[in-house]
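Q: Let's see this in three dimensions:
(chains A and B)
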2 protein chains.
Amino acid sequence: MKNVVIGQSGGPTSVINSSLAGVYAGAKAMGAGHVYGMIHGIEGFLQDRLVDLDRYLSDPMGIELLKRTPSAFLGTCRFKMGRIEGNEERYEKVFEIMEKHDIDTLFYAGGNDSMDTVKCLSDYAAVHGKLQQFIGVPKTIDNDLPVTDHCPGYGSAAKYIAASMKEIIRDNESFGADKPTVCIVEIMGRHAGWLTAAAALAKGDDCTGVDAIYLPEVIFDMDRFLARVEELAKTKRSIVIAVSEGVSLADGRFVCELGDASSYVDAFGHRLLSGTASVLCKLVGRKTGLKTRAIEFSTLQRAAAHMSSLTDINEAYMSGEAAAKAAAQGMTGMMITLNRISGEGEPYLCGCSAYDIHAIANVERHVPADWITKDGCGLNEKFTAYARPLIMGELAPVYVNGLPRHLVMKELYEF
Amino acid sequence: MKNVVIGQSGGPTSVINSSLAGVYAGAKAMGAGHVYGMIHGIEGFLQDRLVDLDRYLSDPMGIELLKRTPSAFLGTCRFKMGRIEGNEERYEKVFEIMEKHDIDTLFYAGGNDSMDTVKCLSDYAAVHGKLQQFIGVPKTIDNDLPVTDHCPGYGSAAKYIAASMKEIIRDNESFGADKPTVCIVEIMGRHAGWLTAAAALAKGDDCTGVDAIYLPEVIFDMDRFLARVEELAKTKRSIVIAVSEGVSLADGRFVCELGDASSYVDAFGHRLLSGTASVLCKLVGRKTGLKTRAIEFSTLQRAAAHMSSLTDINEAYMSGEAAAKAAAQGMTGMMITLNRISGEGEPYLCGCSAYDIHAIANVERHVPADWITKDGCGLNEKFTAYARPLIMGELAPVYVNGLPRHLVMKELYEF
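A: Prediction:
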């Protein structure tokens, strides 16, 4: 292993920096020379924007702070390489910069779209007889990558969502001498409901839990939704509902399209959905006269590192190390996967391996239908058995002046 | 001291339960018999809904969990006693229930409106020669009670806001290979900007801080706001702005009224403001073409006990104990105040005393004009010197099954 480079791509998470730390430590352990970071992912790499990570991570305290720092330490991007045909110059540029810095392996941490970048680059290398290696490191709060049991980033987002949901339920329940209050909480997830499903984890000995959970996997029926709220209001004074930003009607329209929310399209061509909770609150208010409140977790669900899952942090780190090891073994065009080794009812145990990127890129994994309750608005014990281990454990932030300390890269501010 | 009762009122906070714990422990130490809790504040008390707190708090573990439980353990209400004239029956009912349970002191934890309840009840007792005592325990994330240096609840909300703001800034800064993104974060505070000002605490060695802070204390000038965003966009790719829900224009209209946000009026007759960030994002997008994102902290800023300030928890507890002591000394018609004993530059030190409720009820305290920077959209070092000590320290949640454990009162669910 000569020099290597790692980039972070797509929406940030609370633990994508643990993956970075793992790649750094793993690559060093495998004998890498320089471990470079791409500033703003492949987009910055194409402009030869690199940083030598020794500057920040050769000190073990840097590694510890990095594990506690949310968002992409290196900066991220939503840049697509595009099809090889017609973009040969761009592809050649990647290899040119790799050669310039004597880089033999490129690691890329990201979700679906970012794994497509790994696939395209490794395909290009294969076709053109280039020897550089390309390894994907899974990262997405959405938990929608296939093959892997779960994705680094999901556990921490799920923990934040479940913990915040408990706090919202406590808040909503404290009122209630007067008429019922309906609180609708909107959670990220365009097509996969993994994050919204995490609201189910709030339920426990000290919490009645949420009253309904609406995933994008289930067609949203407005009449049944309103009927359910009215039914709940007969016996409960606090009603808390979790809803995915991506729920849609039978005719294919997103619920948020029923409102006036401006629809924004991101650089990957995805529409930015939001306003679902607000649309539903307005409808509930109009139909039932009940008090309503719409809450959106917004970017906090992917950035609240102060409420990270230690399991998630450790697995993100482990997947980074595994990526370095896979590269040392000569692999390319692979993504690291997390494999649950433990069987049902056994103590949770998880390992890593590598899997062909072609089976992963651009494939979305959804919440299995048999994990959703028959009424379509809840999760059963199969889901909680799956998700509970992923939110276990905490890593205390390092507090300075009353606030969690982050590791920040100076080069991110130079442009 | 015979038996006593305590109620919680108004919007919950992360530490109103620490005040409850302090009153309980203090009253027991002063020789009280039963320490009762009102279920849903004075509204529930009028229906004789009481709970003997020994049931939950005689075990010290109960006290510890209570300190870590957000929102009002006893349930809260937004109920006004109303003027004495015309409501004599309601006032008599309070005394009747107190006599029935041999209660000689009523403690009430709350903000401005709740202190009015304490004032009215103590006035009624004075006029009618009744010997029962009434003591207010300060509680409000808004920090707008006069006389007291600050209010229990504020420090924890400020800590949550500053910590979350750091995470939002990290998230927003990680993008930025393309055009600038403007993130506008809406923070609670109808007329007083204390909470929004807390965004200033995010700035530090590891954080560039927010780019502008708009308080309700300063008239909001839309043209200057838009000009500032355009100016920032010339040199910055990440722009994060904190704005109070209560900012208003020179003509008196709230900024949120410029949008279509439904305006809801609560039981105290206050309009529920929201949608300010969303209105501003739409205007910024239209005017500048920049990418925008609106975030509302919503109820999490008052309920996120997992990010409480230990200083705040301890002071809330202390103010509860002080209330019990004031009652034992025969006081009535008073509110406990927090008094900063330390002078400028000295290590922070804070004590308690009691103050005439008539000088407190219905008076709002604002952020002093000379703590706001000359451009009207920032806070100077006077504010940070004031606020920094209030967010110091942490009390680790007790995690069970991966989530913070709360103490929950069974009786809250019986109706």
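
Q: Tell me how far the residue most central in space within chain A lies from chain B.
A: Nearest to the mean C-alpha position of chain A, by C-alpha atoms, centre = their mean, lies A:Ile141 at 1.6 Å. Distance, A:Ile141 to chain B, by C-beta to the nearest C-beta, to the nearest Å: 12 Å. C-betas here are computed from N, CA, C, even on glycine.

Q: Could I get the contacting residues of the residue lying closest to A:Thr299 once chain neighbours are set aside?
A: In space, and not counting its chain neighbours, A:Thr299 is closest to B:Asp171: 4.7 Å by C-beta to C-beta, 6 or more residues apart in numbering or on different chains. The contact partners of B:Asp171, taken as C-beta atoms under 8 Å, 6 or more residues apart in numbering or on different chains, are A:12, A:70-71, A:299, A:302-303.

Q: Torsion angles phi and psi at B:Asp171?
A: phi -60, psi -50 (degrees, to the nearest 10).

Q: one step back: which of the contacts of B:Asp171 lies closest to B:Gly189?
A: For those, the residue nearest B:Gly189 by C-beta to C-beta is A:Thr299; the value is 21.4 Å.

Q: need the helix or strand of chain A with the lowest average pLDDT.
A: strand A:264-265 (a mean of 48; mean pLDDT, DSSP states H and E).

Q: re the thing from before, among the contacts of B:Asp171, which are in helices?
A: A:302-303 (DSSP state H).

Q: picking that back up, touching, the residue nearest to the centre of chain A and A:Gly10? I think so.
A: No - using C-beta atoms under 8 Å as the test, A:Ile141 is too far from A:Gly10 to be in contact (10.0 Å).

Q: Could you list the low-pLDDT ranges of chain A?
A: Along chain A, the parts satisfying pLDDT under 70 run over A:177-178, A:260-274, A:414-415.

Q: How is it partitioned into domains?
A: A:3-150+A:305-362+A:392-413, A:154-303 (automatic domain parsing).

Q: could I get the ones you listed as CSV with distance to B:Ser309?
A: Listed next are the domains of chain A as CSV, based on distance: least, C-beta to C-beta, whole Å:
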stretch, distance to B:Ser309
domain A:3-150+A:305-362+A:392-413, 7
domain A:154-303, 16
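
Q: so which of these comes closest to B:Met334?
A: domain A:154-303 (25.6 Å).

Q: Could you give the number of residues near A:Thr208?
A: 16 (other C-beta atoms under 10 Å in any protein chain shown).

Q: Look up phi and psi at it.
A: Torsion angles at A:Thr208 (phi, psi; degrees, to the nearest 10) stand at phi -70, psi -20.

Q: Wait, A:Tyr317 touches A:Leu20, no?
A: No - with contact defined as C-beta under 8 Å, A:Tyr317 does not count as touching A:Leu20 (9.2 Å).

Q: got the residue ranges for the strands in the stretch 201-350 of chain A?
A: Listed in chain order, the strands of the stretch 201-350 of chain A (DSSP state E, counting those that start in this stretch) span A:212-214, A:238-244, A:264-265, A:271-272, A:291-296, A:334-340, A:350-356.

Q: Any chance you could list what contacts the first one?
A: In other words, strand A:212-214. Strand A:212-214 has contacts (C-beta under 8 Å, 6+ apart) with A:196-197, A:199-200, A:220, A:225, A:228, A:232, A:241-244, A:247, A:377-379.

Q: Partner strands of that strand and their direction?
A: strand A:238-244 (parallel) (DSSP bridges).

Q: In the partner strand, which residues are buried?
A: The neighbour-count check on strand A:238-244 (16 or more other C-beta atoms under 10 Å in any protein chain shown) flags A:238-244 as buried.

Q: what do you get for stretch A:122-134?
A: For stretch A:122-134, the neighbour count (16+ other C-beta under 10 Å) marks A:122-125, A:130, A:132-134 as buried.
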